[in-house]
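[1] How does the following fold in three dimensions:
(one chain, ligands or ions: 1)
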Amino acid sequence: MSGATASAAVLDNRSKTDTQMKITRRAFLASGTAMAAVAAGQLGKTNRGFAQTGVVNLYSARHYDTDTALYESFTSKTGIKVNLVEAKAEELIERIKSEGANSPADLIVTVDAGNLWRAKDAGILQPVSSQVLTRAIPANLRDPDNQWFGLSKRARVIMYNKDKVKPSDLSTYEALTDSKWKGRILVRSSNSVYNQSLLGSIIVANGDEKAEEWARGLVANFARPPEGNDTAQIKAVAAGQGDIAIANTYYIARLLKSSKADEKAISQKIGVFFPNQSNRGAHINICGGGVVKTAKNKDAAIKFLEHLVSREAQEMFASRNNEYPIINGVTFDPVVASFTQQAKFDNANAEVFGRNNPAALKMMNRAGWK
Ligand SMILES: [Fe+2]
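    I've put the predicted structure just below:
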């Protein structure tokens, strides 16, 4: 993150000892009481009459530097200051649970339907009634009880070494279990919620038995035991450690746009293939958010979510973080558009494949997917 401003200050300093906690701005305040004082001070300073004054306390598990601009655009539109705490989704969920009624969190934003389902399952969210959200967001990408809402889309697809693999060698996720791929497939570990949701979507499409068979077949074709994130898989493909990777599209977009010569060179070796075009389409996941059950600034939290599905914010998701917009009518980033073209996306219900995450993880464990 860059450009620390009053519009997005990190509130927390208890977590400094936690190496998982990514604190990117000056540690500011630790308690809900102290935070209330900040809100009161802000109210006094920003009462200009043209915008709602106040504050919203955001717990975010998104790990993208570009999000600052999203928060700043919200503040400049509404006058509402965004206070930010960043950590991994499971840490934020645990923290909100342990903070209980005193939690300063007004809303949680995280990647992956699996994490959103976990937040709802933990009982930390509340239903929200917003026509802006329900009209903008397709029904399959928001919680049926309106406790969380998809805000952007990402595709988890096949990336291949252009020197070793032809697009005509590829077809579906299911076909990756073919023995011709033995020793050639790279994918990160089963701990990755991205993989749990992918298998969750395969459970939706093919049922439990076939999904578990798929996991076994895929593991049998691994080039190495899983290690590293999606970028590491793409780099390993370029380095010849395997021929194809399963990865989210924004990772390759980031490499294609990189100003570093080595990353640019890696990206040029990689082709992007959207599987299952003849049936359900490529697996789509979401980033999303929900209002915390004990939110003190509920109205501001709803406004924040509504802002994130505005055209202005959706263009930022698309152009700055290479995600797919969740609303209609926003153009893709040109680099993303160049490899996506007219790809068909799976319209599986995110609530269902999110809910399938625990079952998917058990299957992967049984299949020996490390
Ligand atoms: Fe990611």
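[2] Let's test this: name the helix or strand in the protein with the lowest mean pLDDT.
    Using mean pLDDT, DSSP states H and E, the weakest-scoring helix or strand in the chain turns out to be helix 32-46, at a mean of 33.
[3] right, and the helix or strand after that one?
    Next along the chain after helix 32-46, taking DSSP states H and E as the criterion, comes strand 54-60.
[4] My read is that Arg320 contacts Ala69, right?
    Yes: with contact defined as C-beta atoms under 8 Å, Arg320 reaches Ala69; the gap is 6.4 Å. Yep, even glycine has a C-beta here, placed from its N, CA and C like the rest.
[5] the strands in the stretch 201-350 of the chain, which residues?
    For the stretch 201-350 of the chain, the strands defined by DSSP state E, counting those that start in this stretch cover 244-248, 270-273, 283-291, 324-325.
[6] ranking those by burial, who's on top?
    strand 283-291 (a mean of 28; mean count of other C-beta atoms under 10 Å).
[7] Give the buried residues for the regular element (helix or strand) spanning Glu94.
    Following DSSP H and E, one finds Glu94 within helix 89-99. Neighbour counts using 16 or more other C-beta atoms under 10 Å place 89-93, 95-96, 99 of helix 89-99 among the buried residues.
[8] ok, so of those residues, who is nearest Arg118?
    Distance to Arg118, by C-beta to C-beta, is smallest for Ile93 among the buried residues of helix 89-99, at 6.0 Å.
[9] What's the separation between that closest one and Gly200?
    Ile93 sits 18 Å away from Gly200, taking C-beta to C-beta, to the nearest Å as the criterion.
[10] how far away is the residue most central in space within the chain from Asp230?
    Centroid-nearest residue in the chain, with C-alpha atoms, centre = their mean: Val111, separated by 2.4 Å. For Val111, the distance to Asp230 (C-beta to C-beta) stands at 12 Å.
[11] swap in Gly271?
    Per C-beta to C-beta, Gly271 is found 16 Å from Asp230.
[12] Equivalent analysis for Gly288, please.
    Gly288 sits 19 Å away from Asp230, taking C-beta to C-beta as the criterion.
[13] sorry, back to before: let me know the angle separating the helix holding Glu94 from strand 54-60.
    Calculated by axes from the mean of the first three to the mean of the last three C-alpha atoms, to 10 degrees, helix 89-99 forms an angle of 130 degrees with strand 54-60.
[14] Mind checking what helix or strand follows helix 89-99 in sequence?
    strand 107-111.
[15] Show me what that next one pairs with in its sheet, parallel or antiparallel.
    Taking DSSP bridges as the criterion, strand 107-111 forms sheet pairs with strand 54-60 (parallel), strand 283-291 (antiparallel).
[16] Looking at the ones you listed, which is nearest to Ala205?
    With respect to Ala205, and counting by C-beta to C-beta, the nearest of these is strand 283-291 at 9.3 Å.
[17] quick one: that closest one to strand 244-248, angle?
    30 degrees.
[18] how does the chain divide up, domain by domain?
    The chain breaks down into these domains under automatic domain parsing: 8-152+286-325, 154-283+334-367.
[19] Pretty sure Ala155 sits in a strand.
    Yes: applying DSSP: H, G, I helix; E, B strand; the rest coil, one finds Ala155 inside a strand.
[20] and it, how many neighbours?
    By other C-beta atoms under 10 Å, 24 other residues sit near Ala155.
[21] what's near enough to touch it?
    Neighbouring residues of Ala155 by C-beta atoms under 8 Å, 6 or more residues apart in numbering: 248-249, 274, 282-285, 324, 340, 343, 345.
[22] Please tell me how far it sits from Leu84.
    Going from Ala155 to Leu84 by C-beta to C-beta gives 27 Å.
[23] hmm, back to that, would you turn the buried residues of helix 89-99 into CSV with pLDDT and distance to Arg254?
    CSV is the format used below for the buried residues of helix 89-99 (pLDDT from 0 to 100; distance: C-beta to C-beta, whole Å):
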residue, pLDDT, distance to Arg254
Ala89, 97, 21
Glu90, 96, 24
Glu91, 97, 24
Leu92, 98, 24
Ile93, 98, 27
Arg95, 98, 29
Ile96, 98, 30
Glu99, 97, 34
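[24] follow-up on the earlier one: I'd like to know which of the strands paired with strand 107-111 lies nearest to Arg311.
    Among those, the nearest to Arg311 by C-beta to C-beta is strand 283-291 (17.1 Å).
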